[in-house]
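*Asks:* Take this sequence and fold it.
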Amino acid sequence: MSKILVLTASFGEGHNAAARALVTAFDREGGSGTAVMADIFALAAPRYNELVRRSYLSLINRAPKLWIHFYRWSDRSRVVANPRFFFRELRLLRQILAREKPDAVCCTFPVATLLLEHIARTGGRKPPRYNIVTDSISIHSLWCRGTCDGWFVPNEDSAAVVLRAGLSPARVHVSGFPVPPIFAEQAGILAPPDLHSGAVPRVLHIINSGTRHAAETARRLLAEEDWEVTFAVGRNESLLRQLNALAAGRRRPATILGWTKEVPHLLMTHHVVVSKAGGATTQEAINALCPMIVSQVVPGQEEGNYELLRRHRAGTLAESPDAVIAALKLAFADRGRVLDEWRAALTPLAHPTAARDIAQHVLAASEPVPAIARA
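*Replies:* The predicted structure is shown next:
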């Protein structure tokens with residue numbers, strides 16, 4: 001049985017979401033235990049990693065202009081991924097490679113690939129390595145530095161970007177973003193009710209930490225009693241209590257959820273989602289064919305996610321509560337005519353079998369060549 005190491009990092013949920021989907025796919029394709037997932041940054045220096053992670057979240061939420069300056073500097077600089085700064089991670093990664101002896105490594109965070117390259121150059125193990133690009137269009141140069149046996153990108157628009165950066169076309173695969181298997185298995189089964197038959201519109205509002213105007217947007221959505229609304233507020237207990245109080249006695253159903261694993265199911269059963277343009281959320285909405293009203297864009301890595309939707313006319317940007325309500329009314333007008341257009345535009349962008357396709361490719365490339373073939 002092949003052994004695949006999946007490396008991730010907790011700097012944005014997209015990296016972890018892609019890694020989890022890949023582990024599931026590898027285990028389904030190769031048998032239970034085929035894949036091992038590791039966040040070497042959290043494991044090697046947990047306190048330091050948590051400090052950096054919290055600083056990152058604080059920066060993107062409270063000082064986005066400062067963040068974009070850092071993001072653009074890091075895109076040009078060669079200092080950011082210098083192996084000298086990752087001596088703990090390198091030591092741990094060498095240990096993991098020696099223990100697991102993986103037949104291939106898949107990286108959903110680009111710095112991990114560069115550390116693997118450093119280990120290979122300095123006499124360590126050098127299994128085939130693959131970058132699973134979790135950004136769209138606004139792709140950080142770290143993804144394209146160093147060498148890989150393959151790059152898996154989420155869409156043709158992103159493939160064009162990495163090819164312009166100099167990657168070999170033979171090693172760039174438009175696979176889609178790895179998402180949970182529910183999107184492929186329940187396609188055509190789970191769906192929102194038909195607006196053309198007079199169904200009530202369903203709105204999903206996903207509230208992430210640092211989302212601007214979240215509470216006011218939620219209050220405005222609850223005031224629109226012609227819609228069914230569902231809120232996923234994460235671990236924000238205060239907002240959860242506020243919204244439950246506001247929803248009491250509402251004519252149409254309102255569901256207020258805290259942290260939940262049911263986001264894929266919710267996306268597939270709602271007509272539209274209001275959310276910031278996070279990598280995992282955007283890609284899961286695409287694969288659910290759930291048009292997205294983008295309420296916030298983090299400069300840098302999220303700009304490309306919204307640009308993908310804008311370029312394909314598959315959603316809209318609404319950065320204030322008034323704009324969100326106006327966009328929803330436009331979408332639902334004339335029994336959802338605009339919504340139908342957005343949904344149709346999402347269809348060619350969806351790759352619900354991406355995780356399985358990547359797993360099959362990597363496993364096939366990792367199989368040992370039979371002796372008769374070598375002869």
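
*Asks:* and the residue most central in space within the chain, what pLDDT?
*Replies:* What sits nearest the mean C-alpha location of the chain, by C-alpha atoms, centre = their mean, is residue 280, with 2.2 Å. pLDDT recorded at residue 280 is 94.

*Asks:* give me every residue that touches the nearest residue to it once chain neighbours are set aside.
*Replies:* Residue nearest to residue 280 in three dimensions, not counting chain neighbours: residue 17, with 3.8 Å by C-beta to C-beta, 6 or more residues apart in numbering. (Glycine included, C-beta is placed from N, CA and C.) Going by C-beta atoms under 8 Å, 6 or more residues apart in numbering, residue 17 touches 178-179, 279-280, 284.

*Asks:* One more: residue 186?
*Replies:* Counting by C-beta under 8 Å, 6+ apart, residue 186 makes contact with 265, 268.

*Asks:* rerun that using 7 Å as the cut-off
*Replies:* Residue 186 is in contact with residue 268, counting by C-beta atoms under 7 Å, 6 or more residues apart in numbering.

*Asks:* With residue 22 instead?
*Replies:* With contact set as C-beta under 7 Å, 6+ apart, residue 22 has these partners: 6, 35, 106, 132, 178, 355, 358-359.

*Asks:* Show me these that map onto strands.
*Replies:* Using DSSP state E, 6, 35, 106, 132 are the members of those that sit in strands.

*Asks:* Which strand residues bridge the first one?
*Replies:* What it means is residue 6. residue 37, residue 106 (DSSP bridges).

*Asks:* Can you give me the neighbour number for it?
*Replies:* Applying other C-beta atoms under 10 Å, we find 28 other residues in the vicinity of residue 6.

*Asks:* Strands of the stretch 151-300 of the chain, residue ranges please.
*Replies:* For the stretch 151-300 of the chain, applying DSSP state E, counting those that start in this stretch gives strands covering 172-174, 202-206, 228-232, 254-257, 272-276, 292-296.

*Asks:* export the fifth one as CSV, just CAs?
*Replies:* Just to be clear, that refers to strand 272-276. Listed next in CSV are the C-alpha coordinates belonging to strand 272-276 (Å, rounded to 0.1, in the frame of the first residue of the first chain):
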residue,chain,number,x,y,z
VAL,A,272,-27.5,31.9,-2.0
VAL,A,273,-24.7,32.4,0.5
VAL,A,274,-23.5,35.7,2.0
SER,A,275,-19.9,35.4,3.2
LYS,A,276,-16.4,36.8,3.0
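
*Asks:* Contacts made by that strand with the rest, please.
*Replies:* If you take C-beta under 7 Å, 6+ apart as the criterion, strand 272-276 is touched by 203-206, 208, 211, 217, 267, 281, 285, 290-296, 298, 324, 328, 331, 339.

*Asks:* thinking again about what came up before, looking at the ones in strands among the contacts of residue 22, spot the one nearest residue 123.
*Replies:* Relative to residue 123, the closest of the ones in strands among the contacts of residue 22 is residue 106; by C-beta to C-beta it sits at 22.8 Å.

*Asks:* My guess is that closest one contacts residue 132. True?
*Replies:* Yes: if you go by C-beta atoms under 7 Å, residue 106 and residue 132 touch, sitting 5.6 Å apart.

*Asks:* Where does pLDDT dip in this structure?
*Replies:* Confidence mapping of the chain against pLDDT under 70 gives the ranges 210, 368-375.

*Asks:* Got the domain ranges for it?
*Replies:* If you go by automatic domain parsing, the domain ranges for the chain are 4-179+352-374, 183-349.

*Asks:* separation between the residue nearest to residue 280 and residue 282?
*Replies:* Distance of residue 17 to residue 282, computed by C-beta to C-beta, to the nearest Å: 11 Å.

*Asks:* what do you get for residue 144?
*Replies:* 21 Å.

*Asks:* These two: who's more crowded?
*Replies:* It is residue 282, of residue 144 and residue 282, that has more neighbours when counted by other C-beta under 10 Å, with 27 against 20.

*Asks:* buried stuff in the longest helix anywhere in the chain?
*Replies:* Assignment by DSSP state H gives helix 321-346 as the longest helix of the chain. Residues of helix 321-346 classed as buried: 321, 323-325, 327-328, 331-332, 336, 338-339, 342-343, 345-346 (neighbour count, 16 or more other C-beta atoms under 10 Å).

*Asks:* if we can go back for a sec, PyMOL command to pick out the buried ones of the contacts of residue 17?
*Replies:* To isolate in PyMOL the members of the contacts of residue 17 that are buried, counting by 16+ other C-beta under 10 Å, one can use:
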select buried, resi 178+179+279+280+284
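
*Asks:* Can you tell me which of the contacts of residue 17 lies closest to residue 72?
*Replies:* For these, the residue nearest residue 72 by C-beta to C-beta is residue 279; the value is 18.4 Å.

*Asks:* wait, what's in contact with the closest one?
*Replies:* Residue 279 neighbours (C-beta under 7 Å, 6+ apart): 12, 14, 134-135, 305.

*Asks:* Among these, find me the one that's closest to residue 54.
*Replies:* Of all those, residue 54 sits closest to residue 12, with 13.2 Å by C-beta to C-beta.

*Asks:* Any idea how many residues pack against that closest one?
*Replies:* 21.

*Asks:* Contacts only, for it.
*Replies:* 279, 301 are the contacts of residue 12 under C-beta under 7 Å, 6+ apart.

*Asks:* and with 6 Å instead?
*Replies:* The contact partners of residue 12, by C-beta atoms under 6 Å, 6 or more residues apart in numbering, come to none.

*Asks:* ditto for residue 200
*Replies:* Per C-beta under 6 Å, 6+ apart, neighbours of residue 200: residue 228.
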